[in-house]
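In: Fold the following for me, if possible:
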Amino acid sequence: MTPDETRCVMTQIVMPMHTNGVAGVMFGGVMMQWIDVCAGVAAMRHASGAVLTASIDRLDFMSPVQVGEIVVLQAQVNYGSRTSMEVGCRVETEDMRTRTRRYVTKAYLTFVAVDDHGKPRPIPKLDLPTEDDRRRHAEAEQRRALRLRAAGRTS
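Out: You can find the predicted model right below:
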């Protein structure tokens with residue numbers, strides 16, 4: 001399977017229940033939930049089944065998202081090892097009148113494929129047909145090494 005075949009695109013509208021109420025700014029936790037769902041679908045596509053979120057890298061909100069805005073999340077698998085994979089998720093808002101987009105945040109999540117008993121299971125090798133796929137894979141491999149080192153484990 002290629003990264004493009006794992007791609008998940010989700011579109012959400014920010015409703016008042018998603019915001020802090022006072023300033024109409026979206027809660028970061030709601031955005032994190034949407035990111036986890038979108039990235040999880042991409043991971044499930046690659047794993048052909050159940051996955052668990054193992055980690056999410058640093059998440060910086062570059063600009064506030066307001067009530068009524070449209071949020072577009074795009075995720076795909078960048079890297080796969082034996083049982084785990086990195087999924088990148090890019091988040092933008094879309095102005096429906098002008099069709100312009102504003103980059104809001106991105107995140108890298110690690111998922112582990114699990115069997116019916118919740119134990120890690122092997123996943124297929126990721127095919128990398130394009131130069132962008134190979135670049136993303138190499139960058140993800142470096143991030144994985146840093147994550148493992150920070151956790152006190154070797155790659």
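In: For residue 146, which three-state class applies?
Out: helix (DSSP: H, G, I helix; E, B strand; the rest coil).
In: Residue 111 versus that one, what's the distance?
Out: 17 Å (C-beta to C-beta, to the nearest Å). C-beta here means a position set from N, CA and C on the backbone, and glycine is covered the same way.
In: Likewise for residue 71?
Out: For residue 71, the distance to residue 111 - C-beta to C-beta - is 21 Å.
In: More neighbours: those two, which one.
Out: residue 111 (27 against 21; other C-beta atoms under 10 Å).
In: Tell me the bridge partners for the more buried one.
Out: residue 53, residue 85 (DSSP bridges).
In: And it, how far from residue 37?
Out: From residue 111 to residue 37 the distance is 12 Å (C-beta to C-beta).
In: what's the answer for residue 152, then?
Out: Counting by C-beta to C-beta, the separation of residue 152 from residue 37 is 30 Å.
In: who has more neighbours, these two?
Out: A direct count of neighbours by other C-beta under 10 Å for residue 152 and residue 37 places residue 37 higher, at 15 against 6.
In: my read: the more buried one touches residue 31, true?
Out: No: the criterion here is C-beta atoms under 8 Å, and residue 37 misses it with residue 31 at 10.9 Å.
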